[in-house]
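Novice: build me a model from this:
(chains A and B)
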2 protein chains.
Amino acid sequence: MTQDAEPAAILHNPTAQGNVLLVCEHASNRFPAGFGDLGLDAAAKESHAAWDPGALAVAKHMSGLLDAKLVASTVSRLVYDCNRPPYALGAMPAKSEKFTIPGNENLTDAERKQRIDQVYRPFLTLLYDTISSAVKEPVLATIHSFTPIYNDRPRSVEIGILHDSDTRLADAMLALAPQFTDMNVQRNEPYGPEDGVTHTLKIHGLENGLMNVMIEVRNDLIATPEEQKNVAKILAELISAALGKLEKEVEK
Amino acid sequence: MTQDAEPAAILHNPTAQGNVLLVCEHASNRFPAGFGDLGLDAAAKESHAAWDPGALAVAKHMSGLLDAKLVASTVSRLVYDCNRPPYALGAMPAKSEKFTIPGNENLTDAERKQRIDQVYRPFLTLLYDTISSAVKEPVLATIHSFTPIYNDRPRSVEIGILHDSDTRLADAMLALAPQFTDMNVQRNEPYGPEDGVTHTLKIHGLENGLMNVMIEVRNDLIATPEEQKNVAKILAELISAALGKLEKEVEK
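Specialist: Prediction:
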C-alpha cells in the first residue's frame, strides 16, 4: 500500500507536566490513502460512525487546562478502532449503527493484519511509551463523544462517566459532578464495559495499576468551538476536583 | 465456564532427543464441556471441518521414528483454530466448507477472548516453551490432513509440502520425494501461504529462524492404523533424507 504521510498516532502537548494522561482513540475521520475510503459516502465519513465528532477539540482544551499529555489516533475508527483489541469483530466492523462499511466486508487475514500493524500498533506503542516514560504514575482519562440519536432513539444522558473494575475515579467524579454542571451525568451510559468499550482502560489502566476513567460527551453539546471549550473546562475542573478528593481520602 | 479437565495442548514424547519438532494444530475433535458442542450435529463433529482426521496418528508414528517431540492441540479447531492468529476471522469460523457452526455466530468479544485464552494461548505457550528449551535448534514440521473432496471437487494431490518464505526444507523434500513414494506430491497444495495456513510456520519457524515445513496428507490415505503407519514411515524417511541433503550442502 501507499505509505501514509501522517503518523497513525500523535502525542499532543508532549512537554506537559501534569499527571493526567488524556487519550482520544476516535479523534479523527481521516482515511489514509493506502486504505481508501472503504466505499463510504460523504455523509458516512462525516458521521459519528467514522469518529467521535468534537472529542479531539475537547481533549485538546483539557490538555491545556490540565497541563496533560494527549495521545490521539489520526485514523478513522472504521479503518481500525483503537479502542478495540485485534480479535474483536468491532475492530474493523462491516456495519456500524445504520452504516454498512463496504471496504470492511470480506477482509482477508493479510488485510486485517495490515490495519493492525499500520493503525493500531503505532497507537498502542505511543500510548505504552508515554505511560512508561512518565515521571509520575499517570491517571488515564479517555475522551469520547456519542451521537444524540442512536438507531432512532434519542438519548437523554449528556455526559457519561464510564469505568471498568476500577471505579475510584469514576465514583469521585460522579459524586462531585453536580457541583460543576447541571448536565445529565450518568454512570456507564450510553455504553458500559459490557459493550466492549473499556479496552483502553483495561490494557493501559488496569494492567498498569493506573487510575482511569472514560468520559463520553453527547456530541450535540460540543458542536461549536465555544461549547467545546466550555465542556472541556467543566471536565477538567471535575477531574481535578475528583483527584483532589481521592488524594485527601488517601491522606486520612 | 466449567474448568476443562484436560489441558488444551499436550507435549507428546517429551524426552525425545531428535532435532525435528512436530506440531499438530488440528489433532483433535474434542469439544470441551465449557464451550459446548457449538450446536454441531454428529456428522459435523466427525468431519474434517472439526479436525484433521488421521493427522495425530501419523504425527505420533513420526514422533517415534524421528525421536521427535510433538506438540498437539486437544481441542477442535472450530472452538479455536490454533493455526490462525486471534485477529483472523477463520480462528473461530461461523462457516467451514459446507458446515455452518451455530455456536460461532455472534460471538461477543468476551467469548472470543475466552477461546483465545483457554485454547490458543496454552498451545502457543507450550510450543514456545518447547522451542526455547530445546538444546539444539529444532526443525519445525507441522502435520495436517485434508479432505479428498472439497466443495464437491475431488482433489488429486495426495501429499502437499507447504512452505512460506523459507523454502529450504520444502525444496529438499520435494526434490527427494520420488525416491520415497509414488504418491502425487505437490508444492503448496491443496493450500498455500495465501490461504493463511502458514501461521504456525511464520510465528514459530520464520520468527525464530528455524527451518520449517507444513505437511498435508489426503485423509483417505490415512484412514486405517496400517495406512497411518505407512505414510508416517514415508514422511519420516523423506524429512530425514531432506535434512541430510541440506546438511551436506552446508558442508560443501
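
Novice: what's the neighbour count on the closest residue to A:T198 other than its chain neighbours?
Specialist: Among residues not flanking A:T198 along the chain, A:D164 sits closest, at 4.1 Å (C-beta to C-beta, 6 or more residues apart in numbering or on different chains). No exception for glycine: its C-beta is placed from N, CA and C like everyone else's. For A:D164, the count of nearby residues is 20 (other C-beta atoms under 10 Å in any protein chain shown).

Novice: contact partners for A:D164?
Specialist: Applying C-beta atoms under 8 Å, 6 or more residues apart in numbering or on different chains, we find A:D164 in contact with A:P193, A:T198, A:L201, A:K202, A:G205, A:L206, A:N212.

Novice: now A:Q179
Specialist: Counting by C-beta under 8 Å, 6+ apart, A:Q179 has contacts A:A241.

Novice: count the neighbours of A:D152 for me.
Specialist: Around A:D152 there are 7 residues (other C-beta under 10 Å).

Novice: same thing with the one 3 residues further on?
Specialist: Residues lying near A:R155 (other C-beta under 10 Å) number 17.

Novice: how about the one 10 residues further on?
Specialist: A:S165 has 10 neighbours, counted by other C-beta under 10 Å.

Novice: how far away is the nearest residue to it once chain neighbours are set aside from chain B?
Specialist: In space, and not counting its chain neighbours, A:S165 is closest to A:L206: 6.4 Å by C-beta to C-beta, 6+ apart. Here A:L206 is placed at a distance of 14 Å from chain B (C-beta to the nearest C-beta, to the nearest Å).

Novice: strands - which of the contacts of A:D164 land there?
Specialist: Among those, the members falling in strands (DSSP state E) are A:N212.

Novice: could the contacts of A:D164 be laid out in a markdown table, adding pLDDT?
Specialist: What follows is those, written out as a markdown table (pLDDT from 0 to 100):
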| residue | pLDDT |
| --- | --- |
| A:P193 | 93 |
| A:T198 | 96 |
| A:L201 | 97 |
| A:K202 | 96 |
| A:G205 | 96 |
| A:L206 | 96 |
| A:N212 | 98 |
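
Novice: quick one: which of the contacts of A:D164 is nearest to chain B?
Specialist: Relative to chain B, the closest of the contacts of A:D164 is A:P193; by C-beta to the nearest C-beta it sits at 9.7 Å.

Novice: near chain B, which residues of chain A?
Specialist: By C-beta under 8 Å from any C-beta of the partner chain, the residues of chain A that approach chain B are A:84-91, A:107-110, A:112-113, A:116, A:196.

Novice: tell me the most packed of these, by neighbour count.
Specialist: A:A91 (25 neighbours).

Novice: quick one: low-confidence parts of the stretch 101-250 of chain A?
Specialist: Counting by pLDDT under 70, the stretch 101-250 of chain A contains no low-confidence residues.

Novice: where do the strands sit along it?
Specialist: A:139-146, A:149-150, A:153-154, A:159-162, A:185-187, A:212-218 (DSSP state E, counting those that start in this stretch).

Novice: so which of those is nearest A:K229?
Specialist: Proximity to A:K229 (C-beta to C-beta) singles out strand A:212-218 among those, at 12.6 Å.

Novice: relative to strand A:139-146, how tilted is that closest one?
Specialist: For strand A:212-218 against strand A:139-146, the angle by axes from the mean of the first three to the mean of the last three C-alpha atoms, to 10 degrees is 20 degrees.

Novice: in its sheet, what does strand A:212-218 sit against?
Specialist: strand A:139-146 (parallel), strand A:159-162 (antiparallel) (DSSP bridges).

Novice: tell me how many other residues crowd A:K252.
Specialist: 4.

Novice: how far out from the middle of the chain is stretch A:84-91?
Specialist: 15 Å (C-alpha atoms, centre = their mean, to the nearest Å).

Novice: endpoints of it, how far apart?
Specialist: One end of stretch A:84-91 to the other measures 5 Å (C-alpha to C-alpha, to the nearest Å).

Novice: which residues in chain A form helices?
Specialist: A:42-46, A:55-66, A:109-115, A:121-132, A:168-180, A:199-200, A:225-251 (DSSP state H).

Novice: quick one: the longest one to chain centroid distance?
Specialist: Averaging C-alpha positions (C-alpha atoms, centre = their mean) puts helix A:225-251 17 Å from its chain's average.

Novice: and that helix, what other elements does it pack with?
Specialist: Using 3 or more C-beta pairs under 8 Å, 6 or more residues apart in numbering or on different chains; DSSP states H and E, the elements in contact with helix A:225-251 are helix A:55-66, strand A:139-146, helix A:168-180, strand A:212-218.

Novice: which residues touch the last one?
Specialist: Spelled out, it's strand A:212-218. A:54-55, A:58, A:139-148, A:155, A:157-164, A:166, A:169-170, A:173, A:189-191, A:197-198, A:200-201, A:204-206, A:231, A:235, A:239.

Novice: what sits closest to A:L21 if chain neighbours are left out?
Specialist: With C-beta to C-beta, 6+ apart, the residue lying closest to A:L21 is A:P138, at 3.9 Å.

Novice: give the contact list for that neighbour.
Specialist: With C-beta under 8 Å, 6+ apart, A:P138 has these contacts: A:N19, A:V20, A:L21, A:K69, A:T130, A:I131, A:L210.

Novice: and the residues you listed, which two are the farthest apart?
Specialist: A:K69 and A:L210 (13.2 Å).

Novice: neighbour count winner among those two?
Specialist: Set A:K69 next to A:L210 and count neighbours by other C-beta under 10 Å: A:K69 wins out with 24 against 19.

Novice: A:K113 and B:P85 touch, don't they?
Specialist: Yes: under the criterion of C-beta atoms under 8 Å, A:K113 makes contact with B:P85 at 7.4 Å.

Novice: output the strands of the stretch 101-250 of chain A as TSV; include the columns mean neighbour count.
Specialist: Output for these, formatted as TSV (neighbours: other C-beta atoms under 10 Å in any protein chain shown):
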stretch	mean neighbour count
strand A:139-146	26
strand A:149-150	12
strand A:153-154	8
strand A:159-162	24
strand A:185-187	18
strand A:212-218	26
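
Novice: alright, that wraps it up for me.
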